[in-house]
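build the 3D model from these lines:
(2 chains)
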Amino acid sequence: MTERTTPAASGGSLWFEAWLRFRRNRLAMIGLVMVITVILVAVLATWISPYDPLKQLIWTEGKAVRLASPSAKHWFGTDLYGRDILSRIIFGARISLQIGIFATLVSLVIGIPLGALAGYVGKWVDDLISWLVNVVFAFPFLLFVLAVVAVFKDPSLVVVYIAIGMVNWVSIARVVRAQFISLREREFVEAARALGMPSWRIIFVHILPNALAPVIVQATLGMGSIIMIEAGLAFLGFGAQPPTPSWGLMISEGQKYLGQGQWWWAIFPGLAIMYTVLAFNFLGDGLRDALDVRLKR
Amino acid sequence: MFTYFLRKLLYTIPVLWGVVTVVFILMAVVPGDPARIMMGQRGDPATLARIRADLGLDLPLHRQYTKFLGELLRGDLGTSYRSNEKVSVALSVRFGATLRLAFWAMVLASVLGVTAGIVSAVKQYSVFDYSAMFLAISGVSAPVFWVGLLLLLAFAYNLHWIPGVGYGDGQAIYLILPVLTLGVRPAALIARLTRSCMLEVLSQDYIRTARAKGLAEKIVVIKHALKNALIPVVTIIGTQVAELLSGAVLTETIFAWPGIGRLAVEALVARDFPMIRGTVIFMALIFLVTNLVVDLSYGFIDPRVRFE
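Residues are numbered from 1 along each chain as shown, chains lettered A, B, ... in the order given. Below is the predicted model of the structure:
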């Protein structure tokens, strides 16, 4: 690992250099474009989706279009209730991104301060926080989130992203802690201390901006796993509830019809999940190479 | 070595205690009355009160906690609300199926991942390398349960090679699809890691020396490079256990596999709290024990590691 020797001024040449490196990386650029398409689809869902995702469509002779196979009219077919699957997948992007973004925010809000404290203060504070991190790490991610969600009788999406954030913060905290440990002995921190700056100012104004690169990488890679966990939750019936167009839920609804020849209901939403997770993985890997950070896990 | 082991073991204990406490707190803040859950709408107040007393729910919270810890130390995880079965008994009955599934998934993932990783590294930028890495990154990005459904669609519903879901009477044929499903993700991760470690090792001086003195490429790769490249791979095999357990929850649900993953989902659906508590604690325990073993195995694999 090449250590950064110059403390980054915000918006300085360091980020510009990283962008130049990022631009040269083909997979990273593909990832960026893929992420942008998902965001665009989510934002523009109302305008680009061919049908209303919740509407049970009526075709000819007043008969509902149930389980219609993919056709020019319905590219991805329809489900048992005559809803257009493509439209549901388009709106599903909103659910996945929403959970991804809010769960990541929850993780950052918990993970950054705890990681910073552990790394900066050290001693028993570090022992305590590291212990907590190890405790949370010991739980299988999905099962722990399931248990948290199950505590609430009717799981709303808010519960889901708080639950995911309550687990996911540990990976953020680990990264922040490691950064703080390596940065706290640097000259610029010592100088700040010698000038009599209060600790909170040193932590937030001087160290944190220099510790951000790996946090950004970790958060981006985390988006992929969060979206995957949300899909798993919805698949098991603990995430988004019907008739929400959630990808995981659609796979769960469609799986009963898989053996009867109506494969499209369960298969297309899975492709959407894969596309989105792949997008964040490419982007995250690209950012890691561009920002030159090394992460465990 | 022994003191190192002892220190690791001693560090595991507070973590385990933390796990147990977190689970207890989680289950204690659950809204709703477990006695009600057991009895449904039928229970009259007297019966409900008796059940509460049986479960120790009439005690103050700190007493419930010490009682819970005490029972745990004796290996007693409580009784299922749903089936009245001992949680520890249910776990030991169901664990075999999960172990069988996870073991073969890990064997498959290690063999497939390491082989693909080596070939990819040796033939870097070849067609094989590109396709293997494309498959690997897809494998990491595809949801486990969806992969399982794809396999079912292909091999059970269309080709009819596999009779379908379930445990059968333990015949190997029922094992194939769940193992493939669960093995995809770790195989993909292991392949990527093996490739990058191999590439790193292959560029080192001692490899150049080995080649320069005229050793066959096969010997250089297998005898000299692989040994060092595999050290990080062993680590990831250890950390994969946690992911494997999460994956087992989904895989077992799809394939109606009678393991602890499905047991956990059934318990969650029924809001059977002692069973949820038991499965979560048990899985965390497996994770901690595996990581202890992985930590210790470093010394055997990598002689550079010194235990202090």
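
element containing the residue of the stretch 51-200 of chain A found nearest chain B?
With CB to the nearest CB as the measure, A:Val135 is the residue of the stretch 51-200 of chain A nearest to chain B, at 3.5 Å. Glycine gets a C-beta too; all of them are placed from N, C-alpha and C. Here A:Val135 sits within helix A:123-138, counting by DSSP states H and E.

which residues touch that helix?
A:114-115, A:117-119, A:144, A:166-167, A:169-170, A:173-174, A:177, B:14-16, B:18-19, B:22, B:242, B:284, B:287-288 (CB atoms under 8 Å, 6 or more residues apart in numbering or on different chains).

if we go by neighbour counts, what in it is buried?
By 16 or more other CB atoms under 10 Å in any protein chain shown, the buried positions in helix A:123-138 come out as A:126, A:129-138.

equivalent analysis for stretch A:75-88, please.
Buried residues in stretch A:75-88 (16+ other CB under 10 Å): A:76-79, A:81-88.

over to stretch B:10-30?
In stretch B:10-30, counting by 16+ other CB under 10 Å, buried: B:12, B:15-16, B:18-20, B:22-24, B:26-27, B:30.

name the nearest of these relative to A:Asp289.
Using CB to CB, B:Val15 comes nearest to A:Asp289 of those, at 33.4 Å.

average model confidence for the longest helix along chain B?
Assignment by DSSP state H gives helix B:87-122 as the longest helix of chain B. In this model, helix B:87-122 has an average pLDDT of 90.

before we move on, what about stretch B:242-256?
Average pLDDT, stretch B:242-256: 86.

now stretch B:134-147
So the average pLDDT for stretch B:134-147 ends up being 89.

check whether that stretch comes near chain A.
Yes. If you take CB under 8 Å from any CB of the partner chain as the test, stretch B:134-147 does meet chain A, through B:137-138, B:140-146.

what residues does the stretch 101-250 of chain B put near chain A?
With CB under 8 Å from any CB as the criterion, the stretch 101-250 of chain B meets chain A at residues B:137-138, B:140-146, B:149-150, B:152-153, B:156-157, B:239, B:242-243, B:245-246, B:249-250.

so which of those residues are in helices?
Short answer: these in helices (DSSP H) are B:137-138, B:140-141, B:144-146, B:149-150, B:239, B:242-243, B:245-246, B:249-250.

filter those residues down to the buried ones and hand me the PyMOL line.
Applied in PyMOL, the following selects the buried portion of those according to 16+ other CB under 10 Å:
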select buried, chain B and resi 137+140+141+144+145+146+149+150+239+242+243+245+246+249+250
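
would you mark the buried spots in stretch A:166-176?
Neighbour-count burial for stretch A:166-176 flags A:166-176 (criterion: 16+ other CB under 10 Å).

would a markdown table of those residues with secondary structure be doable?
Converted to a markdown table, those look like this (DSSP: H, G, I helix; E, B strand; the rest coil):
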| residue | secondary structure |
| --- | --- |
| A:Met166 | helix |
| A:Val167 | helix |
| A:Asn168 | helix |
| A:Trp169 | helix |
| A:Val170 | helix |
| A:Ser171 | helix |
| A:Ile172 | helix |
| A:Ala173 | helix |
| A:Arg174 | helix |
| A:Val175 | helix |
| A:Val176 | helix |
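
okay if I get those as CSV plus pLDDT?
Putting the buried residues of stretch A:166-176 into CSV (pLDDT from 0 to 100) gives the following:
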residue, pLDDT
A:Met166, 90
A:Val167, 90
A:Asn168, 92
A:Trp169, 94
A:Val170, 94
A:Ser171, 92
A:Ile172, 93
A:Ala173, 94
A:Arg174, 91
A:Val175, 91
A:Val176, 92
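
adding distance to A:Ile36, write these out as a markdown table.
Shown next, in a markdown table, are the buried residues of stretch A:166-176 (distance: CB to CB, whole Å):
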| residue | distance to A:Ile36 |
| --- | --- |
| A:Met166 | 29 |
| A:Val167 | 28 |
| A:Asn168 | 23 |
| A:Trp169 | 27 |
| A:Val170 | 29 |
| A:Ser171 | 25 |
| A:Ile172 | 24 |
| A:Ala173 | 29 |
| A:Arg174 | 29 |
| A:Val175 | 25 |
| A:Val176 | 27 |
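
all set now, cheers.
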